[in-house]
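*Asks:* quick check, what structure comes out for this input:
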Amino acid sequence: MNSDLCDILFLDIETIGMVEHYDQLSERLKSHWIRKAGFLKRQEEQTDEDLFSERAGIYAEFGKVIVIAVAKFTTNEKNELTLKTKSFSDHNEKKLLTDFKEWIDKADSVKTKLCAHNGKEFDFPYLCRRMLVNGIPLPPLLNIAGLEKWKVPHLDTLEMWKFGDYKHYTSLDLLLTLFDIPSSKGTMDGSKVNETYYKEKNLPKITEYCIADVVAIAQLYLRMKGLPLIEEKNISYPAP
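*Replies:* Numbers count the residues shown, from 1 in each chain. Predicted structure coming up:
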């Protein structure tokens with residue numbers, strides 16, 4: 001079982017609006033955002049500009065990636081399961097994505113599977129879209145165009161939880177609560193990433209949050225397979 005687990009690369013990303021303020025967009029992008037915002041639910045007083053600050057980071061056409069965290073199971077000398085984490089963070093999205101591509105290209109694209117929570121709907125396509133916008137060739141583990149469904153090397157803890165029921169979205173934090181897994185939400189949550197980046201200028205805090213999320217996803221995967229959680233002493237984190 002350990003060998004199967006060690007072939008999985010867990011992944012989580014953090015994204016923000018491509019610029020801090022709506023008025024920093026080009027005129028062409030402004031017109032596209034206005035059209036997009038027209039389909040979004042809003043509170044009575046919310047303007048298109050307000051929606052941009054709150055929601056733009058969700059969409060790859062109007063956002064960008066600032067952090068990628070990954071985690072991989074390994075075994076130690078006692079044959080105990082351990083978890084190693086790594087992160088990529090940068091203000092320059094092209095450099096961030098290039099560094100990530102160079103790293104993930106070294107993975108065995110035949111054996112390795114990517115896993116994220118809602119990864120098939122968000123993390124994986126978002127990374128692909130932003131790589132293409134930045135002129136970066138897609139790595140084999142993300143380049144799934146033309147592959148039969150059963151050959152796509154992607155796992156998704158949200159999809160695993162749905163058991164074929166596609167009517168509802170279940171948040172990562174809710175599943176962590178159900179399975180009694182420590183959560184990163186005590187320090188911040190995804191809705192605060194844009195503000196933490198642009199207002200607080202605190203990329204390290206976002207990186208720490210993203211790493212905690214990818215550890216939580218790996219732990220959730222274990223519980224969904226009926227396996228015990230990894231003890232904190234067997235989890236390694238990147239040096240600050």
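*Asks:* mind listing residues that contact stretch 101-117?
*Replies:* Stretch 101-117 is contacted from outside by 7-12, 86, 88, 122-124, 131, 136-137, 139-142, 153-158, 172, 175, 217-218, 220-221, using CB atoms under 8 Å, 6 or more residues apart in numbering. Any C-beta I mention is one placed from the backbone N, CA and C, and that applies to glycine too.
*Asks:* for stretch 118-138, same thing?
*Replies:* 11-13, 15, 60-61, 63-65, 68, 93-94, 97-98, 100-101, 114, 116, 142-143, 154-156, 158-159, 169, 172.
*Asks:* filter the residues you listed down to the buried ones.
*Replies:* When these are checked for burial by 16 or more other CB atoms under 10 Å, the buried set is 11-13, 15, 60, 63-65, 68, 93, 97-98, 100-101, 114, 116, 142, 154-156, 158-159, 172.
*Asks:* packing partners of the longest strand belonging to the chain?
*Replies:* The residue-count maximum for a strand in the chain (DSSP state E) belongs to strand 63-75. Packing contacts for strand 63-75, counted by 3 or more CB pairs under 8 Å, 6 or more residues apart in numbering; DSSP states H and E, involve helix 2-5, strand 8-17, strand 81-89, helix 93-104, helix 123-133, helix 203-224.
*Asks:* low-confidence stretches in this protein?
*Replies:* 1-3, 184-187, 240 (pLDDT under 70).
*Asks:* check the secondary structure at the nearest residue to residue 42 once chain neighbours are set aside for me.
*Replies:* Leaving aside its sequence neighbours, residue 42 sits nearest to residue 51 (CB to CB, 6 or more residues apart in numbering; 5.9 Å). Three-state call for residue 51 (DSSP: H, G, I helix; E, B strand; the rest coil): helix.
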